[in-house]
Each structure stands twice: as C-alpha cells, then as structure tokens.
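**Student:** need a 3D model of the following:
(one chain, ligands or ions: 1)
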Amino acid sequence: MQVVKTVDEIRKMVKSWRKEGLSVGLVPTMGFLHEGHKSLILRAAAENDRVVVSDFVNPTQFGPGEDLESYPRDINRDAALCEEAGASVIFNPEPSEMYAPDFSTYVNMENLSKGLCGKTRPIHFRGVCTVVSKLFNIVSPDRAYFGQKDAQQLAIIRRMVRDLNIDIEIVGCPIIRESDGLAKSSRNTYLNPEERQAALCLSRAVKLGEKMAAEGEKDADRIVSEMISLIQAEPLAKIDYVEAVNGVTIEPVHKIEGTVLVAMAVYIGKTRLIDNFIIE
Ligand code: PAF
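**Tutor:** Here you go, the predicted structure:
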C-alpha cells in the first residue's frame with residue numbers, strides 16, 4: 001500500500017487518475033483503523049475507481065486536555081487494512097504539512113455545532129470542518145464517506161457542503177458494532193476489561209430507545225429518560241449527554257416527528273464514548 005506524505009504528491013496522483021477519466025472516493029480518518037473504517041473503504045472502493053484514505057490525527061479538533069498526544073497511531077496496521085479493503089493510496093501528512101506555523105483560516109459551522117458534542121468540545125467541529133475542507137480541496141474527490149456513529153459530524157459536513165457549494169457527494173454509512181453491541185471506535189482501545197464490559201450500557205441504551213420507538217412511543221423525553229436510567233445503573237458510566245434532536249438541524253425535539261437523532265456521549269472511566277440511533 002502506497003503511503004503519500006505530501007499535498008503535492010497526492011494532488012499529482014489524483015490529477016493523473018482524472019486524466020484517465022477515473023472517479024475518486026475519499027475516506028477521511030484519523031487512523032488506527034477498525035472494521036467501521038473498513039466498511040467505509042469497502043463502500044468507497046465499490047463506488048469509485050480509486051480510493052484515497054486520509055490518515056491524519058488532526059490537532060485542530062482536539063481541545064486542551066483532550067487525547068491528542070495519546071490518540072492511538074499505527075500506520076503499518078492501517079496500511080494492511082487499507083490494502084485488504086481495496087484502497088488505492090493512504091494520504092498520511094505530518095501536521096506541519098497541513099498547518100503552516102502561521103495558519104489562521106478556519107471553517108466554522110455556526111449552528112449545528114453548538115449542541116450535543118459541541119457543548120463539551122467547543123472547538124471540535126471548527127477543527128473538523130477546517131481539516132475536511134482542506135482534504136476536499138487537496139483530493140477533490142467525487143464522493144466522501146463518513147460513519148453514522150459521528151452523527152453530528154455527518155450532519156455538520158452535509159450542511160457545510162451545502163452552504164459552501166462544495167461539489168462532492170457525502171455518503172453516510174451505518175454504525176459497525178462488536179458482536180456484543182459496542183460501537184467500533186479507535187478509543188475502545190483505552191478501555192480496561194472492566195470498563196469494556198461497562199461500556200455496553202451505551203449500546204443497551206440504544207437498543208432500549210430503538211425498541212420504545214418501534215413500539216410506537218412518540219414522547220422523545222420519555223425515551224431519553226429511560227435511556228438515562230439504564231446508563232445511570234452502570235457505576236463506571238458518567239453521562240455527558242443523552243438527547244433527542246432533529247437529525248438535520250440538530251435542534252432539540254420533544255416529540256418523535258420527521259427524522260429524529262437520539263445521541264449520547266458517556267464517560268466510561270476517563271474514556272468518552274458516543275453512540276446514537278435514528279428514528280425515521
Ligand atoms: O471522524 C474522524 O475520524 C475525524 O473527525 C475526521 C472526519 C477524519 C476529521 O479529522
């Protein structure tokens with residue numbers, strides 16, 4: 001698997017594909033790839049002639065005291081997974097390649113980034129929108145692939161693409177789970193065995209909420225409060241938020257109408273995990 005480190009090199013490569021009339025898919029990641037990423041790469045490989053996987057732990061989306069330094073990294077392992085899933089190349093720049101020392105231009109999403117994760121991670125989505133815009137400008141893909149696990153991120157990127165007239169199709173892909181239900185995440189590696197077991201309260205809360213909705217519950221507050229009780233019964237869990245919001249605008253909702261996103265962030269020990277489900 002070819003690993004490209006510079007903007008110039010990846011641009012040249014994509015230009016040569018374009019000359020041949022080939023389509024290009026982009027899978028933006030922060031590396032330490034798992035089955036969730038693999039599902040995005042497989043989908044991108046099925047829908048495009050060439051697939052670029054970006055593998056970059058983006059410093060601008062980490063706040064002070066977050067896990068930028070300790071975020072897991074393993075490019076050799078990532079390269080093996082990319083090869084298996086049918087990627088064409090990995091774009092793995094150094095932070096200095098992406099951010100000049102006097103870098104000062106950011107893409108800021110005004111509304112959708114205020115609630116949910118934005119409350120406790122106030123600069124996070126500005127960093128995400130900035131790096132994703134840069135990757136879009138560098139790679140110029142036809143399509144870009146994002147997981148539904150980061151549901152707020154996906155909604156924000158869709159809005160950014162619409163607002164800034166970016167001519168790239170955004171493809172959202174389903175959450176991939178471990179066999180016991182835990183949503184796949186690079187941060188799961190932080191969990192010790194006891195925490196790993198405790199972390200199942202997130203997917204259990206998702207199942208409970210989905211069941212209530214499937215049985216016809218229309219009161220979003222009741223669904224959320226039952227989910228909160230379930231999570232609070234787990235001694236190692238500390239809730240950041242469990243909320244029902246409109247799936248497009250990320251505004252709070254109290255009734256199940258239209259597309260509702262029920263999303264949560266929960267600390268298991270020191271590890272902050274997210275999960276969600278959509279009610280259509
Ligand atoms: O979802 C992620 O891994 C990151 O937020 C992304 C989209 C790659 C931007 O750094």
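**Student:** so which residue is dead centre in this protein?
**Tutor:** Nearest to the geometric centre of the chain sits Asp150, at 3.8 Å (CA atoms, centre = their mean).
**Student:** distance of that residue from the ligand?
**Tutor:** 5 Å (CB to the nearest ligand atom, to the nearest Å). Just so you know, the C-beta spots here come from the backbone N, C-alpha and C atoms, and that holds for glycine as well.
**Student:** Ile239 too?
**Tutor:** Taking CB to the nearest ligand atom, one finds Ile239 at 22 Å from the ligand.
**Student:** ok, that residue - how many residues close by?
**Tutor:** Using other CB atoms under 10 Å, the number of residues around Ile239 comes to 16.
**Student:** repeat for Gln2
**Tutor:** Using other CB under 10 Å, Gln2 is surrounded by 13 other residues.
**Student:** now swap in Glu280 and tell me
**Tutor:** Using other CB under 10 Å, Glu280 is surrounded by 8 other residues.
**Student:** who's in contact with it?
**Tutor:** Listed by CB atoms under 8 Å, 6 or more residues apart in numbering, the contact set of Glu280 reads Thr259.
**Student:** show me the contacts for Val57.
**Tutor:** With contacts defined as CB under 8 Å, 6+ apart, Val57 is in contact with Met30, Gly31, Leu68, Tyr71, Arg73.
**Student:** which element is Ala46 on?
**Tutor:** helix 35-47 (DSSP states H and E).
**Student:** quick check, that helix touching the ligand?
**Tutor:** No. Shown here: helix 35-47 not in contact with the ligand (CB under 6 Å from any ligand atom), separated by at least 8.3 Å.
**Student:** helices or strands up against whichever helix or strand comes after that helix?
**Tutor:** Moving toward the C-terminus from helix 35-47, the next helix or strand (DSSP H and E) is strand 50-55. Counting contacts by 3 or more CB pairs under 8 Å, 6 or more residues apart in numbering; DSSP states H and E, strand 50-55 packs against helix 7-19, strand 24-29, helix 35-47, helix 75-85, strand 89-91, helix 124-139.
**Student:** ok, Phe56 touching Tyr99?
**Tutor:** No. Counting by CB atoms under 8 Å, Phe56 sits too far from Tyr99 to count as a contact (10.5 Å).
**Student:** what about these two, which has more around it?
**Tutor:** Phe56 (20 against 17).
**Student:** can you tell me how far the more buried one is from Val266?
**Tutor:** Noted for Phe56: a distance of 27 Å to Val266, by CB to CB, to the nearest Å.
**Student:** among the contacts of Val57, which one lies nearest to the ligand?
**Tutor:** The ligand lies nearest to Met30 out of the contacts of Val57, by CB to the nearest ligand atom, at 4.2 Å.
**Student:** give the contact list for that closest one.
**Tutor:** Residues in contact with Met30 (CB under 8 Å, 6+ apart) are Asp55, Phe56, Val57, Asn58, Tyr71, Ser186.
**Student:** against the ligand, which of the residues you listed make the cut? List them.
**Tutor:** The subset of the contacts of Met30 within reach of the ligand, by CB under 6 Å from any ligand atom, is Asn58.
**Student:** how many neighbours does Met160 have?
**Tutor:** Using other CB under 10 Å, Met160 is surrounded by 22 other residues.
**Student:** actually, Leu22.
**Tutor:** Per other CB under 10 Å, the neighbour tally for Leu22 reads 14.
**Student:** what sits against the nearest residue to it once chain neighbours are set aside?
**Tutor:** Distances taken as CB to CB, 6 or more residues apart in numbering put Asp49 closest to Leu22, at 3.8 Å, once the chain neighbours are dropped. Contact analysis of Asp49 by CB under 8 Å, 6+ apart lists Trp17, Leu22, Ser23, Val24.
**Student:** right, I'll leave it there.
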